[in-house]
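Undergrad: Give me a 3D structure for the following:
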Amino acid sequence: MRSRHRRGEGSLLRDELIEAARRLLSTAEREGDLSIRAVTRAAGVAPQSFYLQFRSLDELLYAVYAIEFGRLRAAMESAAGRAAGPEARLLAACLAYCGYAEEHPGRYRALTEVRGRVHHPGWENRDLPGAPTFQLIQDLAAAALDASGLSADPFLVAAILWVSLHGLVILRASRPAFPWPPLETMTAAIVEHAVGR
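TA: Down below sits the predicted model:
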């Protein structure tokens, strides 16, 4: 057990618990594999100190997912902001999504491959932690659809894009010997198909 934090260093303890939970999630099969005891052990603190920062494991999970999805969203927003035109912005964001997944496989796995629960009691009356990131995809898809003159449902298009991008990065990672076309080519084809070109 490491030394205790001094008064006023509670944010450091919070950050350490979040980081410990993120590391554990990156190798877990399901959220149920996590426990408060496992997280505090990984952070090197006493289990009682957990409750100085979080009311429940659900609250900690929300913080972890919100931070990770926020990092992904920031990468996508940055890429989209450097592109010109609605479809180009959507493509840039989608390429950034794939790039994030490839560059940070542990973080990406924690976001998408750990089996979650249908209901998190500690998340009631709150948006899902990944909602702002999905909303970005939906907003960019809506703008691209509008520019192309299509009346497709932006939510459906965004959901299909998410499924397609996830499948793309997972299959490329799990089957590296397959002669995949370049990532940029495949992503562009997915986006073009999604917005009806």
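Undergrad: going forward, measure contacts between C-alpha atoms and count neighbours the same way
TA: Will do.
Undergrad: Run through this structure and note the low-pLDDT ranges.
TA: Low-confidence segments of the chain (pLDDT under 70): 1-10, 197.
Undergrad: Grab the most central residue of it for me.
TA: residue 69 (3.6 Å; CA atoms, centre = their mean).
Undergrad: residues in contact with it?
TA: Residue 69 is in contact with 111, 129, 130, 133, counting by CA atoms under 8 Å, 6 or more residues apart in numbering.
Undergrad: Doesn't it lie inside a strand?
TA: No - under DSSP: H, G, I helix; E, B strand; the rest coil, residue 69 sits outside any strand and is assigned helix.
Undergrad: roughly how far apart are the nearest residue to residue 164 once chain neighbours are set aside and residue 17?
TA: Nearest non-adjacent residue to residue 164, counting by CA to CA, 6 or more residues apart in numbering: residue 190, 7.2 Å away. Between residue 190 and residue 17 the distance is 38 Å, computed by CA to CA, to the nearest Å.
Undergrad: same check, this time on residue 68
TA: According to CA to CA, residue 68 and residue 17 sit 14 Å apart.
Undergrad: sorry, back to before: run the chain-centre distance for the helix or strand harbouring the residue nearest to residue 164.
TA: Counting by DSSP states H and E, the element that carries residue 190 is helix 183-194. Mean C-alpha position of helix 183-194 versus that of the full chain (CA atoms, centre = their mean, to the nearest Å) differs by 20 Å.
Undergrad: what does stretch 126-134 give?
TA: When C-alpha coordinates are averaged (CA atoms, centre = their mean), stretch 126-134 and its chain have centres 10 Å apart.
Undergrad: hang on, the earlier thing: contacts for the helix holding residue 190 next, please.
TA: By CA under 8 Å, 6+ apart, helix 183-194 touches 87, 90, 91, 94, 95, 157, 160, 161, 164, 165.
Undergrad: Is there a quick ChimeraX command that grabs whichever of these are buried?
TA: Buried subset of these, written as a ChimeraX selection, criterion 16 or more other CA atoms under 10 Å:
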select :87,90,91,94,95,157,161,164,165
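Undergrad: Just put the contacts of helix 183-194 in JSON lines and tack on distance to residue 105 and secondary structure.
TA: Output for the contacts of helix 183-194, formatted as JSON lines (distance: CA to CA, whole Å; DSSP: H, G, I helix; E, B strand; the rest coil):
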{"residue": "87", "distance to residue 105": "27", "secondary structure": "helix"}
{"residue": "90", "distance to residue 105": "22", "secondary structure": "helix"}
{"residue": "91", "distance to residue 105": "21", "secondary structure": "helix"}
{"residue": "94", "distance to residue 105": "16", "secondary structure": "helix"}
{"residue": "95", "distance to residue 105": "15", "secondary structure": "helix"}
{"residue": "157", "distance to residue 105": "25", "secondary structure": "helix"}
{"residue": "160", "distance to residue 105": "21", "secondary structure": "helix"}
{"residue": "161", "distance to residue 105": "19", "secondary structure": "helix"}
{"residue": "164", "distance to residue 105": "17", "secondary structure": "helix"}
{"residue": "165", "distance to residue 105": "14", "secondary structure": "helix"}
